[in-house]
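>>> I would like the atomic coordinates for the input below:
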Amino acid sequence: MKSGPRPFDVLLAGYYGFGNLGDELLASGAVSLLVRSGIKRERIAILSNRPDESSRALGIDAFSRGLSSRQMRHALSASKTMLIAGGGIFQDSTSVRSCFYYWRLVRKALSHSCKVAAISQSVGPLSSFFGKMMTRDALLRCAYLSVRDMASLNVARGLGLEADLCPDIVMALEIPRLLPAEKGDVLVNIRPVKKTKDIDNVLRAARACLASGLRVKGIAMSSEDKSLFEKRIACGELPPCEVVLIKSEDDFIAASEGAFAAVGMRLHFGVLSLLRGLKVAMTPYDPKVAAFAEKWDALCPEFSEGQPDSDIMKLLTKSLFEDKKQPDHDKAAHALESAFNKALSLLLEDG
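Next up, the predicted model:
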């Protein structure tokens, strides 16, 4: 693809640089897919909360994501296109601020003659008038939109938006797969949420695994996850076990050596576990995790309070091993490459 007068072909935008591993994996996957699509690494830049860290991790130029910062203005002026790559950013379940930020960002990009596309998005939940209005306005201005699950596609259509369906961007990462096994460590992930019943469900599974003689290893994908593990261990809701704070895909690869199964909450814990070849059971604390669990036969049963460990293990074992859909990693990666190529064709057709 030809290089225009602007030094960057693509500026990546998302919730990058906040220490959330899932979002950093999205950035890494997006860079990999852009390079595979023919964009040179030196022609890719990213907006980040911690530009220096993102630049070192990804090997590309990085700029502040502050809407009023000089770096933001420079990045938009220096980029032909902006790609909002992955994540659940168009939602107002906690507040409308996320919708507001990305709505402003899209309009700001276009004011700098920087074309915009959005790939592999989760759209929703959206309950407020302003959340819906800003999401619709932002995504309607995109040259291309794809979403990562049917729930998001239905929300997008409800807003009058056209969108393609494609896998989560992290599915494009090349993670070495473990050999299939029926014993070993069980990886467990919990995250802070308002509805603690979802956390309790995973902890019941973890306690049952420990009671049956399996080794449990806690996988924290953020400092908040790690604090939650420590709190639940301190109050006796989870017996003492190793807890590993994962900061990169390499950390996950190392932590998952010797594992055979994974039970958790965070979407990208599930994606990494699936790519690693583990048996996966996910507690669907929100729509995007529910959609992932349904697609890959990875739904964790609901366990009731006081249910015997032996009964929990029977249900969990059935969920992990019986009639499982085999993930087609190559098909998912190909679908992502097709989505990126389509977006880049529309964005760079004049360049």
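>>> can you give me the strands for the stretch 1-150 of the chain?
8-13, 44-48, 61-64, 79-90, 115-123, 145-147 (DSSP state E, counting those that start in this stretch).
>>> Against which helices or strands is the helix or strand harbouring residue 314 packed?
Element membership for residue 314 (DSSP states H and E) is helix 309-321. If contacts are counted by 3 or more Cβ pairs under 8 Å, 6 or more residues apart in numbering; DSSP states H and E, helix 309-321 sits against helix 196-211, strand 279-282. Using the backbone N, CA and C atoms, a C-beta is placed for each residue, glycine as well.
>>> by how many degrees do it and helix 196-211 diverge?
Angle, helix 309-321 to helix 196-211, by axes from the mean of the first three to the mean of the last three Cα atoms, to 10 degrees: 100 degrees.
>>> got the phi/psi numbers for the closest residue to residue 81 other than its chain neighbours?
Spatially, and ignoring its direct neighbours in sequence, residue 81 is nearest to residue 347 (4.1 Å; Cβ to Cβ, 6 or more residues apart in numbering). Backbone torsions of residue 347, given as degrees, to the nearest 10, read phi -70, psi -40.
>>> circling back: output the strands of the stretch 1-150 of the chain as TSV; include the columns distance to residue 321 and mean pLDDT.
What follows is the strands of the stretch 1-150 of the chain, written out as TSV (distance: least, Cβ to Cβ, whole Å; pLDDT from 0 to 100):
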stretch	distance to residue 321	mean pLDDT
strand 8-13	39	98
strand 44-48	40	98
strand 61-64	43	98
strand 79-90	30	95
strand 115-123	29	97
strand 145-147	31	98
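>>> Now mean neighbour count and distance to residue 293 too, for the ones you listed, in a markdown table please.
Listed next are the strands of the stretch 1-150 of the chain as a markdown table, based on neighbours: other Cβ atoms under 10 Å; distance: least, Cβ to Cβ, whole Å:
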| stretch | mean neighbour count | distance to residue 293 |
| --- | --- | --- |
| strand 8-13 | 27 | 28 |
| strand 44-48 | 26 | 30 |
| strand 61-64 | 22 | 33 |
| strand 79-90 | 26 | 15 |
| strand 115-123 | 27 | 14 |
| strand 145-147 | 26 | 17 |
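>>> Between these, which one is closest to residue 199.
strand 79-90 (18.9 Å; Cβ to Cβ).
>>> send the alpha carbons of that closest one over as PDB?
C-alpha atoms of strand 79-90 as PDB (Å, rounded to 0.1, in the frame of the first residue of the first chain):
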ATOM      1  CA  SER A  79      -2.100   9.500  10.700                       C
ATOM      2  CA  LYS A  80      -4.100   8.700   7.600                       C
ATOM      3  CA  THR A  81      -6.600   6.500   9.500                       C
ATOM      4  CA  MET A  82      -7.600   5.600  13.000                       C
ATOM      5  CA  LEU A  83      -8.600   2.100  13.800                       C
ATOM      6  CA  ILE A  84     -10.600   1.400  17.000                       C
ATOM      7  CA  ALA A  85      -9.400  -2.200  17.500                       C
ATOM      8  CA  GLY A  86     -11.400  -4.500  19.800                       C
ATOM      9  CA  GLY A  87     -12.800  -4.100  23.300                       C
ATOM     10  CA  GLY A  88     -16.100  -3.300  25.000                       C
ATOM     11  CA  ILE A  89     -15.800   0.500  25.000                       C
ATOM     12  CA  PHE A  90     -19.200   1.400  23.600                       C
END
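>>> From the chain's centroid, how far away is that strand?
On the basis of Cα atoms, centre = their mean, to the nearest Å, strand 79-90 is displaced by 13 Å from the centre of the chain it belongs to.
>>> One more: stretch 33-44?
Per Cα atoms, centre = their mean, the centroid offset for stretch 33-44 relative to its chain is 21 Å.
>>> can you count the residues close to residue 7?
Neighbour count of residue 7, defined by other Cβ atoms under 10 Å: 14.
>>> Once you drop chain neighbours, what's closest to it?
Nearest to residue 7 is residue 78, by Cβ to Cβ, 6+ apart, at 5.2 Å.
>>> Burial check on that neighbour, number of neighbours?
17.
>>> who's in contact with it?
6-8, 11, 45 (Cβ atoms under 8 Å, 6 or more residues apart in numbering).
>>> try residue 95
By Cβ under 8 Å, 6+ apart, residue 95 has no neighbours at all.
>>> ditto for the one 3 residues further on
Contacts were defined as Cβ under 8 Å, 6+ apart; by that measure residue 98 touches 89-92.
>>> what about the stretch 1-150 of the chain, any weak spots by pLDDT?
1-4 (pLDDT under 70).
>>> switch to 50 and redo it
1-3 (pLDDT under 50).
>>> sorry, back to before: most packed of the helices and strands packed on helix 309-321?
Among the helices and strands packed on helix 309-321, the stretch with the highest mean neighbour count (mean count of other Cβ atoms under 10 Å) is strand 279-282, at a mean of 26.
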